[in-house]
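*Asks:* Kindly return the folded structure for what I paste below:
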Amino acid sequence: MVDSLTHFSEAQARLVTPIVEGRGLTRTFPMPSGPVTALREVSIDVSPGEYVAITGPSGCGKSTLLHLLGCVDAPTSGSLLFEGHDVSRLSESARSRIRLTRIGFIFQRFFLLPMLDAWENVELPQAEIGVGSQDRRQRTRELLEYVGLGDRAHHRPSQLSGGEMQRVAIARALANRPALLLADEPTGELDEDTGGQIADLFDRVHADGTAIIVVTHNQLLAGRAKRHLAMKRGTVESAAPVMTS
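*Replies:* Numbering: from 1, shown residues only. Here you go, the predicted model:
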């Protein structure tokens, strides 16, 4: 079995330090016709073990917010703490270390390295932080079995279906035992049935204790989350628990 963080209930999560705390996050991009503000004064906390969905129309700032929370980009104004550390005060190498060891990223188009097979794609981020070869092999084997691809370990991305590639991407994102999983339209390239399978896998990852923030247009996937942020024109319009039957 894949080891996991201690599972937190939603009530317990509120009693501990948030993984990410954003206050007044604003992101403005310079453009030839003048600056464009993609995100306006957004504040958000995400605690250990939470599952948060962010929805809204294209261009409303969802991905921009995700990039800020993942320490990929920096806000034009506002503050961001990651596990209590002010990200703006960290060096680029320290931010890179956070991205590599504490955050897992999943994208719509998978971004697997095409010259590597599934095993090698999952093993690579572990090698980048210096995990020993024996531990890498064990972790990689466990993760590929966890996502149901133990028998496809030595297939390259071109030999895998879209759903299988996304499963490899999830295994890769979990390789270094992140505290937070960020997913940007993870079912956007998949058919409905395959997307449902990926949603089921996200449920399992969440149940094992990993916090998840997913940006999605897929209302069925958003409905799996425990908290829902609806965005419009660069702001959070509403925030409420998702009601499920």
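*Asks:* Using CSV, list the CA coordinates for the helix ranked longest in the chain.
*Replies:* In the chain, ranked by residue count with DSSP state H as the criterion, the top helix is helix 192-207. C-alpha atoms of helix 192-207 as CSV (Å, rounded to 0.1, in the frame of the first residue of the first chain):
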residue,chain,number,x,y,z
GLU,A,192,-16.9,11.2,-19.6
ASP,A,193,-16.3,7.6,-18.4
THR,A,194,-12.6,8.0,-18.2
GLY,A,195,-13.0,11.3,-16.5
GLY,A,196,-15.2,9.6,-13.9
GLN,A,197,-12.4,7.1,-13.3
ILE,A,198,-9.9,9.9,-12.7
ALA,A,199,-12.4,11.5,-10.3
ASP,A,200,-12.7,8.2,-8.4
LEU,A,201,-8.9,8.2,-8.1
PHE,A,202,-8.9,11.7,-6.7
ASP,A,203,-11.4,10.6,-4.1
ARG,A,204,-9.0,7.9,-3.1
VAL,A,205,-6.0,10.3,-2.9
HIS,A,206,-8.1,12.7,-0.8
ALA,A,207,-9.3,9.8,1.5
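*Asks:* Give me the angle between the following helix or strand past it and helix 192-207.
*Replies:* Under the assignment DSSP states H and E, the closest C-terminal helix or strand after helix 192-207 is strand 211-215. Angle between the axes of strand 211-215 and helix 192-207 is 150 degrees (criterion: axes from the mean of the first three to the mean of the last three C-alpha atoms, to 10 degrees).
*Asks:* which helices and strands does the helix or strand following strand 211-215 pack with?
*Replies:* Using DSSP H and E, the next helix or strand after strand 211-215 towards the C-terminus is helix 219-222. With contacts defined as 3 or more C-beta pairs under 8 Å, 6 or more residues apart in numbering; DSSP states H and E, helix 219-222 has these neighbours: strand 51-55, helix 192-207. In this view, the C-beta of every residue, glycine as well, is placed from N, C-alpha and C.
*Asks:* And the helices in this structure?
*Replies:* 10-13, 62-69, 92-101, 118-128, 133-146, 162-173, 192-207, 219-222.
*Asks:* Can you name the residues in contact with the second one?
*Replies:* In other words, helix 62-69. Helix 62-69 is contacted from outside by 20, 22, 25, 27, 38-39, 42, 44, 46, 54-56, 73-75, 80, 180, 182, 184, 213, 215, 231, 234, using C-beta atoms under 8 Å, 6 or more residues apart in numbering.
*Asks:* The same query, at a cut-off of 6 Å, please.
*Replies:* 20, 25, 27, 38-39, 54, 56, 73, 75, 182, 184, 215, 231 (C-beta atoms under 6 Å, 6 or more residues apart in numbering).
*Asks:* How about the fifth one?
*Replies:* Contact partners of helix 133-146, identified using C-beta under 6 Å, 6+ apart, comprise 2, 119, 122-123, 126, 150, 153, 171, 174.
*Asks:* Nothing else from me, thank you.
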